[in-house]
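Engineer: Dropping a prediction and its sequence here:
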Amino acid sequence: MKKPIAVRSRWMMACLLLAVYLGGLALGWQHYPAIANENGLMENLQALTLGLGALYCLLAATRQARRHGQFVLLSLALGLFGFFLREVDVEKLDLPASLIALGSGAGRNLLLLGGVLALLVVFVRNFRELGSQLVAFLKHEACVPLYLGVGCYLAGDLFDKHLIPVPRETGYFLEELCENAATYFLALGVVWTVRRKPAAKEQAVL
């Protein structure tokens, strides 16, 4: 009985924090609509969360002794880094031209593709070990926030493409609100993944 109660408590706390976070953004937007603008506060919060999440995964991976644990954490780091580059206008930053080319447009796509291919090679070469562990991880509770994060990004895309009939300014805000919820869930999933402690009889994922 203790485990279901702990799980419910964890989810209640997570939902409460999300409600406070999104409620604060909504209240702020009512008084300062500019926070939902391009490169505004809401986008910067997303970029900060994603960047710190990717760094957290990388640091956790260096402390992870098991190969499957490292694989999961590096995969999450790459995914968060990809979303980070999506939110940051690298072209507008005061960076060397080579870094700008690598972090935007075709350079960004090639960089992420290289990361995906590298992980794919590792997965194929260690399929017997990683295959079952990856399936176990995808079924674990720690993955639920990750799925919710992707779902929130898809919901935000509906407003971005104006598929839902709302006023333009409201649509911009709702898009950013969905994306802030997405980054919250992704960060939550990362923390739960890193902090997860499998039971003795349970097949270890990390």
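Structural biologist: Perfect, I can see it now. Numbering: from 1, shown residues only.
Engineer: Quick check: which ranges of the chain have low pLDDT?
Structural biologist: Applying pLDDT under 70 to the chain flags residues 1-5, 196-206.
Engineer: And the helices in it?
Structural biologist: Assigned by DSSP state H, the chain shows helices spanning 2-31, 41-62, 67-87, 97-102, 105-125, 127-138, 144-160, 168-195.
Engineer: Need those in JSON lines (columns: mean neighbour count).
Structural biologist: Every residue, glycine included, has its C-beta placed from N, CA and C. Putting those into JSON lines (neighbours: other C-beta atoms under 10 Å) gives the following:
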{"stretch": "helix 2-31", "mean neighbour count": "12"}
{"stretch": "helix 41-62", "mean neighbour count": "18"}
{"stretch": "helix 67-87", "mean neighbour count": "20"}
{"stretch": "helix 97-102", "mean neighbour count": "13"}
{"stretch": "helix 105-125", "mean neighbour count": "13"}
{"stretch": "helix 127-138", "mean neighbour count": "15"}
{"stretch": "helix 144-160", "mean neighbour count": "17"}
{"stretch": "helix 168-195", "mean neighbour count": "20"}
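Engineer: which residues does the most centrally placed residue in the chain contact?
Structural biologist: Centroid-nearest residue in the chain: L186, 3.4 Å away (criterion: C-alpha atoms, centre = their mean). The contact partners of L186, by C-beta atoms under 8 Å, 6 or more residues apart in numbering, come to T49, L50, G53, G79, L80, F83, P145, L146, G149.
Engineer: go with 6 Å
Structural biologist: By C-beta atoms under 6 Å, 6 or more residues apart in numbering, L186 lies in contact with G149.
Engineer: what about it, distance to A47?
Structural biologist: 13 Å (C-beta to C-beta, to the nearest Å).
Engineer: What of L80?
Structural biologist: Applying C-beta to C-beta to L80 and A47 gives a distance of 11 Å.
Engineer: what do you get for Y32?
Structural biologist: 19 Å.
Engineer: do L163 as well
Structural biologist: Separation of L163 from A47 (C-beta to C-beta): 25 Å.
Engineer: Ok, E169 next?
Structural biologist: 22 Å.
Engineer: Name the nearest residue to Q64, sequence neighbours excluded.
Structural biologist: Q70 (4.9 Å; C-beta to C-beta, 6 or more residues apart in numbering).
Engineer: This completes my enquiry, with thanks.
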